[in-house]
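J.: Okay, predicted coordinates and the sequence, questions at the end:
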Amino acid sequence: MSKLIEEHVLPVLAKTLTGIRGLDEITGGGLPRGRPTLVCGGAGSGKTLLALEFLARGALQFDEPGVFMAFEETARELTANIASLGFNLDELVAQKKLYVDHVKVDRTEIVESGEFDLEGLFIRLGREIDLIGAKRVVLDTLETLFTGLPNPGILRSELQRLFRWLKTKGVTVILTGERGEGTLTRQGLEEYVSDCVISLDHRVEDEVSTRRLRIVKYRGSAHGTNEYPFLIDEQGISVLPITSLGLTHEVSSERITSGIARLDTMLGGEGFFRGSSVLLSGTAGTGKSSVAATFAASTCLRGERCLYLAFEESQSQIIRNMRSIGLDLEPWVTAGLLRFHTSRPASTGLERHLTIVHKQVTEFQPSAVIVDPISSFEHAGALRDAGPMALRLMDFLKSKQITALMTDLASGGGRQAATDLKITSLIDTWLLLREIELGGERNRVLYILKSRGMAHSNQIREFRMSDHGIDLVDVYLGPEGVLTGSMRQAQEANEKAAGRILHDEIERKKHLLDRKRRSFDSQVDALRLDLETDEEEMKASIAEAELRRSSLASDRSDMSESRGADTGNGHHTLSGAQS
């Protein structure tokens, strides 16, 4: 039976890791080994940079030398381009880990002679592959070879011959191609003969640019089919494969402090769940950023790292402002436990923001992330896209067991049953900060709308900030409703005055009772003294009577003896007397 099962096991397609962050994940292990992959896209989409990084990382990380054959850019231009990604092309060439060749194709000669033969290219490329033992090859860009061919039949035949020859060499190949009108490439043929096709796109929507990657096809392998945002920066290309995340993340029962003692008490006495998502809603000026900064400081105090994503204030401004509530964040930044990433929401698209967060988390490895405010994503693209983006962000952080605290700028002062991003149903703990206007002043209150998996308070607390930090104070609840600020203080003063009057009345009654008790005790003492005097007199009288009785008995006995009376058996006889 086991042998039968083994016979039906399907072979696994051999793959070559690219080393590009995220790309190997969505391709299920890299590009098809020993086969050609087409990378296509419009001008400026990043085709050449992706191909160069594929070769550079292959040489540096996997000890696989590579050949880059360019038909448009020179070796000097390519060296300058890839230097922006942090790679030294000249050094790789000197170490014989990379061979760069620029082939100039004169289209006029092809048109004039009417002949087109790739045999010379095969010989040239084959020699370069053998020279350094190349395992990877890039041809950039492919259509340059075939632009001068007017005959589609010859074009298709030569393309197929090129791809067959590359497969015989056993090298993993990337061919780049420019996007055509209505087709993935200008010729519209390369995508059909390639084993894997990757499409790059650089689009602009609402004056915001975004780069995206999509795997159009991958023969013999499962792969991600969505569009994935990717980022090009000084560390190379980063693809963000998080749209495929499901509800499979692990959860923790560990609790961590919010940094505010009374808020922890309201949350069952222990604070937030580690790895949970916390939303703090409120209008401008209610103290959302102060709560977020307090949580950041408490995270660092435990020796854990915190990433603070700020979209409205600079790092120096946040640090200065927090000093007003007795919170100094500068030492945590210096210690490397707190990192700020600040940017304007409209500076780039939603996907790029998401990619930047992914990159920051991967580099810094924080245990907590603060997004202040998450509602700023509304200004980085269409509102319909901001909600799904926030969901993807929360999924990503939960998959990493990272506690996320996000502030949300509410659009109204009333009780918020939802946010503009419509993510409250996905939040684990939702805190609401409100302003209450009473007695000509505005005061802040905080309460918990929900906190999944834990018992929590349903009470309102007055939210107060001072140079000693944040404190949550019990509000006054009575017939007049909820009182805060000076009205609460006035009510407390009235209650204290009434309490003092009642205290004085109680003390007066206690004093009167004490006087009565002392008077009663005095009377009892006098009666006791009289009793003792009478008792002494009675005892003396009794003693005197006892003495008299004893004396009388003694006299009678003496008289009896003198008369010779018989006292035997205790009986007195009168015979002698009678005689």
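T.: Looks like it arrived, so ask away.

J.: I'd like the average pLDDT over the longest helix seen in the chain.
T.: Across the chain, the helix with the greatest residue count (assigned by DSSP state H) is helix 485-563. Mean per-residue pLDDT for helix 485-563: 80.

J.: How about stretch 257-268?
T.: For stretch 257-268, mean pLDDT is 91.

J.: Going forward, count from 56.
T.: Yep, numbering from 56; the last one is stretch 312-323 now.

J.: And that stretch, end to end?
T.: Criterion C-alpha to C-alpha, to the nearest Å; first-to-last residue distance in stretch 312-323 is 11 Å.

J.: for the longest helix of the chain, packing partners?
T.: strand 496-506, strand 531-533 (3 or more C-beta pairs under 8 Å, 6 or more residues apart in numbering; DSSP states H and E). Every residue, glycine included, has its C-beta placed from N, CA and C.

J.: Which strands border the very next helix or strand once past the first one, and is each parallel or antiparallel?
T.: Tracing the chain past strand 496-506, the next element assigned as helix or strand by DSSP states H and E is strand 516-521. As defined by DSSP bridges, the strand partners of strand 516-521 come to strand 496-506 (antiparallel), strand 524-529 (antiparallel).

J.: between the shortest one and helix 540-618, how many degrees?
T.: This means strand 524-529. Between the axes of strand 524-529 and helix 540-618, defined by axes from the mean of the first three to the mean of the last three C-alpha atoms, to 10 degrees, the angle is 60 degrees.

J.: in strand 524-529, what's buried?
T.: Neighbour counts over strand 524-529 (16 or more other C-beta atoms under 10 Å) mark 524-525, 527 as buried.

J.: Next: the first one.
T.: When neighbours are counted by 16+ other C-beta under 10 Å, the buried residues of strand 496-506 are found to be 498-504, 506.

J.: Format the strands paired with strand 516-521 as JSON lines; extra columns: distance to residue 458.
T.: Putting these into JSON lines (distance: least, C-beta to C-beta, whole Å) gives the following:
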{"stretch": "strand 496-506", "distance to residue 458": "13"}
{"stretch": "strand 524-529", "distance to residue 458": "18"}
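
J.: Format these as CSV; extra columns: mean pLDDT and distance to residue 386.
T.: Output for those, formatted as CSV (pLDDT from 0 to 100; distance: least, C-beta to C-beta, whole Å):
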stretch, mean pLDDT, distance to residue 386
strand 496-506, 85, 27
strand 524-529, 86, 16
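
J.: residues in contact with the residue nearest to the spatial centre of the chain?
T.: The centre of the chain sits closest to residue 459, judged by C-alpha atoms, centre = their mean, with a distance of 2.1 Å. Listed by C-beta atoms under 8 Å, 6 or more residues apart in numbering, the contact partners of residue 459 are 331-333, 423-426, 448-449, 452-453.

J.: Can you tell me the SS state at it?
T.: strand (DSSP: H, G, I helix; E, B strand; the rest coil).

J.: ok so, going back, turn the helices and strands packed on helix 540-618 into TSV, including distance to residue 412.
T.: As requested, the helices and strands packed on helix 540-618 are arranged in TSV below (distance: least, C-beta to C-beta, whole Å):
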stretch	distance to residue 412
strand 496-506	25
strand 531-533	42
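
J.: among the ones you listed, which is nearest residue 419?
T.: Among the helices and strands packed on helix 540-618, strand 496-506 comes nearest to residue 419, with 27.4 Å by C-beta to C-beta.

J.: now the closest one: how far from the chain's centre is it?
T.: Taking C-alpha atoms, centre = their mean, to the nearest Å, the mean C-alpha location of strand 496-506 is offset from the chain mean by 22 Å.

J.: possible to save the buried residues of strand 496-506 as JSON lines with distance to residue 599?
T.: Formatted as JSON lines, the buried residues of strand 496-506 follow (distance: C-beta to C-beta, whole Å):
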{"residue": "498", "distance to residue 599": "89"}
{"residue": "499", "distance to residue 599": "92"}
{"residue": "500", "distance to residue 599": "89"}
{"residue": "501", "distance to residue 599": "90"}
{"residue": "502", "distance to residue 599": "89"}
{"residue": "503", "distance to residue 599": "90"}
{"residue": "504", "distance to residue 599": "95"}
{"residue": "506", "distance to residue 599": "91"}
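
J.: Please identify which pair of those lies farthest apart.
T.: 498 and 506, at 23.7 Å, using C-beta to C-beta across the buried residues of strand 496-506.

J.: Could you work out the end-to-end span of stretch 389-407 for me?
T.: 28 Å.

J.: Give me the mean pLDDT for that stretch.
T.: Stretch 389-407 comes out at a mean pLDDT of 82.

J.: And for stretch 417-431?
T.: Per-residue scores along stretch 417-431 average to 89.

J.: mind listing what residue 419 touches?
T.: Going by C-beta under 8 Å, 6+ apart, residue 419 touches 360, 362, 394.

J.: Just the element for the second one, please.
T.: Using DSSP H and E, residue 362 maps to strand 361-365.

J.: need the next SSE after that strand, C-terminal direction.
T.: According to DSSP H and E, the helix or strand after strand 361-365 is helix 370-377.

J.: Mind listing residues that contact that next one?
T.: By C-beta under 8 Å, 6+ apart, helix 370-377 touches 344-345, 348, 363, 365, 368, 383-385, 388, 395, 397.

J.: between it and strand 524-529, how many degrees?
T.: 50 degrees.

J.: Okay, buried residues for helix 370-377 please.
T.: For helix 370-377, by 16+ other C-beta under 10 Å, it's 370, 373-374, 377.

J.: before we move on, what about stretch 71-88?
T.: So for stretch 71-88, counting by 16+ other C-beta under 10 Å, buried means 71-82, 84-88.
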